[in-house]
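1. The following comprises the amino acid sequence and a computationally predicted model.
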Amino acid sequence: NHYPHSLRNIDELCASIVRSHRETSQYRLEELQALKWKLFSREEIQAYQSKTVDEMWQHCAVRLTDAVQYVVEFAKHIPGFRMLSQNDQIALLKTGSMEVVLVRMCRFFNTENNTVFFDGKFAGTEVFKSLACGDLIAAVFDFAHGMCALKLTEQQLALFSALVLINADRPSLEDRVRVQRVHRSVEVGLTHILHRDNHDSLLHKLYQRMAVLRSLCSLHMEKLRWFSQRYPLTAHSLFPPLYKELFA
Ligand SMILES: CNC(=O)[C@@H]1CCCN1C(=O)c1ccc(Cl)c(COc2cccc3c(C(F)(F)F)cc(C)nc23)c1Cl
């Protein structure tokens, strides 16, 4: 093909990241579209609201762990991520996987009625009341709103997710320079895709979203610590092992 060698690599990089995103996105957009107006009944909302704090946390932790596992699969198929050392892959996933879960959540969000796909239907913030962390849930919904407003295509979302994950500023990386190099190639890929989509202005907005993401995830870690101190039994025994490995 007529591309100079480097651009061909970027095209191949973009294609592999988009493919990996599609294969690990948990639900296809068409499926979610079909379920868009399936809302919880009053009784179902009551049932969620009458769960105890640790029951609801455990219920969510199972789903979050599931989502994190899909992000791990996504990462494993990103060329350049696989090349990193095992320790650096774990270090990137430890701090980045929840951020990617949050980025991906915008796919499950219906901005018309401020609901998110949860447990098979679309839920408003009131469903999560028994978690006793309304500020966290409000922040999760706000972030999803902000992401939806950017109207990213699946390809742009795939590249942005890879950019969020492969971040050389993460703590305890062994080979920061190598992570920076992979980050740069993903960034070139995203810039290339945005340019092709005639949407160059989006890159700046996406970097602002990354800053919001970091503050949101430190709020999550604070909540997780609060929860595991208050409910040590649930946190240490009932949370799926991967969750503990990533967040403990
Ligand atoms: C298809 N559904 C989805 O994509 C989402 C993401 C993974 C599974 N999932 C849901 O079912 C879901 C959708 C919306 C919401 Cl608000 C929730 C509840 O979210 C959380 C409740 C408790 C703690 C959460 C924490 C904390 F603090 F642990 F880091 C962090 C995040 C980000 N979300 C938390 C969930 Cl679990």
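-> Now that the structure is in, tell me what you want to look at. Numbers count the residues shown, from 1 in each chain.
2. For the closest residue in space to V53 that isn't next to it in sequence, grab the count of nearby residues.
-> Leaving aside its sequence neighbours, V53 sits nearest to A132 (CB to CB, 6 or more residues apart in numbering; 5.0 Å). Where C-beta positions appear, they are placed from N, C-alpha and C, glycine not excepted. Number of residues near A132 (other CB atoms under 10 Å) recorded here: 16.
3. Now do A132 against A139, distance only.
-> 15 Å (CB to CB, to the nearest Å).
4. now swap in D54 and tell me
-> Taken as CB to CB, the span from D54 to A139 is 21 Å.
5. And for M98?
-> To A139, M98 is 13 Å away according to CB to CB.
6. Who has more neighbours out of those two?
-> M98 (22 against 19).
7. For the more buried one, give me the pLDDT.
-> pLDDT, M98: 90.
8. Could you name the specific helix or strand carrying it?
-> Element membership of M98, judged by DSSP states H and E, is helix 86-105.
9. Not counting the helix or strand following that helix itself, show me its contacts.
-> Later in the chain than helix 86-105, the nearest helix or strand by DSSP H and E is strand 109-110. Contact partners of strand 109-110, identified using CB atoms under 8 Å, 6 or more residues apart in numbering, comprise K36, T115, V116, F117, F122, F141, A144, H145, M147, C148.
10. Let's verify the fifth one: helix, strand, or coil?
-> Under the three-state scheme (DSSP: H, G, I helix; E, B strand; the rest coil), F122 adopts strand.
11. What does F40 show for phi and psi?
-> phi -80, psi 140 (degrees, to the nearest 10).
12. Count the residues that sit near it.
-> Counted with other CB under 10 Å, F40 comes out at 20.
13. hey, C-alpha coordinates of stretch 164-183 in PDB?
-> Taking C-alpha atoms only, stretch 164-183 is exported to PDB below (Å, rounded to 0.1, in the frame of the first residue of the first chain):
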ATOM      1  CA  VAL A 164      -5.700   6.100  29.300                       C
ATOM      2  CA  LEU A 165      -4.300   2.600  30.200                       C
ATOM      3  CA  ILE A 166      -0.700   3.000  28.800                       C
ATOM      4  CA  ASN A 167       0.300   6.000  30.900                       C
ATOM      5  CA  ALA A 168       4.000   6.500  31.800                       C
ATOM      6  CA  ASP A 169       3.200   8.500  34.900                       C
ATOM      7  CA  ARG A 170       1.800   5.500  36.800                       C
ATOM      8  CA  PRO A 171       3.600   4.700  40.100                       C
ATOM      9  CA  SER A 172       6.200   1.900  40.400                       C
ATOM     10  CA  LEU A 173       6.900   1.400  36.700                       C
ATOM     11  CA  GLU A 174      10.300  -0.300  35.900                       C
ATOM     12  CA  ASP A 175      10.800   0.900  32.300                       C
ATOM     13  CA  ARG A 176       9.100   4.300  32.100                       C
ATOM     14  CA  VAL A 177      10.800   5.100  28.800                       C
ATOM     15  CA  ARG A 178       9.400   2.100  27.100                       C
ATOM     16  CA  VAL A 179       5.800   2.800  28.400                       C
ATOM     17  CA  GLN A 180       6.300   6.400  27.200                       C
ATOM     18  CA  ARG A 181       7.200   5.100  23.700                       C
ATOM     19  CA  VAL A 182       4.100   2.900  23.500                       C
ATOM     20  CA  HIS A 183       2.000   5.800  24.800                       C
END
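14. coming back round to it: what subset of the contacts of strand 109-110 is buried?
-> Among the contacts of strand 109-110, those buried by neighbour count (16 or more other CB atoms under 10 Å) are T115, V116, F117, F122, F141, A144, M147.
15. Could you check how far the fourth one is from the ligand?
-> Read it as F122. F122 sits 10 Å away from the ligand, going by CB to the nearest ligand atom, to the nearest Å.
16. follow-up on the earlier one: surely the residue nearest to V53 touches E55?
-> No. The pair A132 and E55 fails to qualify as a contact (CB atoms under 8 Å) at a distance of 11.6 Å.
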